[in-house]
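# Have a look at this prediction, sequence included:
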Amino acid sequence: MPHRVVLDTNVLVAAAYAPRSASRRIVEACLSGELVAVASPAIEREYARIVARAVRVDDYRDRLAALLDKLERVEPPETPRLVPDDPDDDKFPAAARAGSAGWIVTNDRHLLALDPYGPIRIVPSGRFVELAWASGRP
């Protein structure tokens, strides 16, 4: 069964600009079905807003649009206050919990400071690749 992950928006932007990056590998694994990307409506809105503004690489913008089509959508029953310095990031742990995701992949220090959040690991892209692929598969 594939790992279920919540991707912070910074992972999508990094994937667009760094073809050999861990972020790109993660996005491509979500597109191929090796991973399941989970997102709430609030995360989807952030993806759409930031990707439209920050991603200027046309060919990869199409790949990110395909990712948005492939997301598993969840509706968290609540969004607890967890990230003291950036309340807008509270939507990521809420979606992970609602979607039974085992991972939040981010490069945001405010979210990384929460690791672990119960059974959910919160790790940067490179660390996720190391841990998830350690068994030979994500």
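Right, received. Where do you want to start? Numbering: from 1, shown residues only.
# List the buried residues in the helix or strand bottoming out on mean pLDDT in the chain.
When the helices and strands of the chain are compared on mean pLDDT, DSSP states H and E, helix 58-70 comes out lowest with a mean of 89. For helix 58-70, burial by neighbour count (16 or more other C-beta atoms under 10 Å) applies to 60, 63-64, 67. C-beta here means a position set from N, CA and C on the backbone, and glycine is covered the same way.
# With stretch 24-40 instead?
24-27, 29-31, 34-40.
# Straight-line length of it, end to end?
21 Å (C-alpha to C-alpha, to the nearest Å).
# from the chain's centre, how far out does it sit?
8 Å (C-alpha atoms, centre = their mean, to the nearest Å).
# quick one on the thing from earlier: can you dump the C-alpha atoms of the least confident helix or strand of the chain in PDB for me?
Only the C-alpha atoms of helix 58-70 are listed here, as PDB (Å, rounded to 0.1, in the frame of the first residue of the first chain):
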ATOM      1  CA  ASP A  58       5.200  26.000 -18.200                       C
ATOM      2  CA  ASP A  59       6.000  22.400 -18.900                       C
ATOM      3  CA  TYR A  60       6.100  21.500 -15.200                       C
ATOM      4  CA  ARG A  61       3.000  23.600 -14.400                       C
ATOM      5  CA  ASP A  62       1.100  21.000 -16.500                       C
ATOM      6  CA  ARG A  63       2.500  18.200 -14.300                       C
ATOM      7  CA  LEU A  64       1.400  20.100 -11.100                       C
ATOM      8  CA  ALA A  65      -2.000  20.600 -12.600                       C
ATOM      9  CA  ALA A  66      -2.100  16.800 -13.100                       C
ATOM     10  CA  LEU A  67      -1.200  16.400  -9.500                       C
ATOM     11  CA  LEU A  68      -4.100  18.600  -8.400                       C
ATOM     12  CA  ASP A  69      -6.400  16.400 -10.400                       C
ATOM     13  CA  LYS A  70      -5.000  13.300  -8.700                       C
END
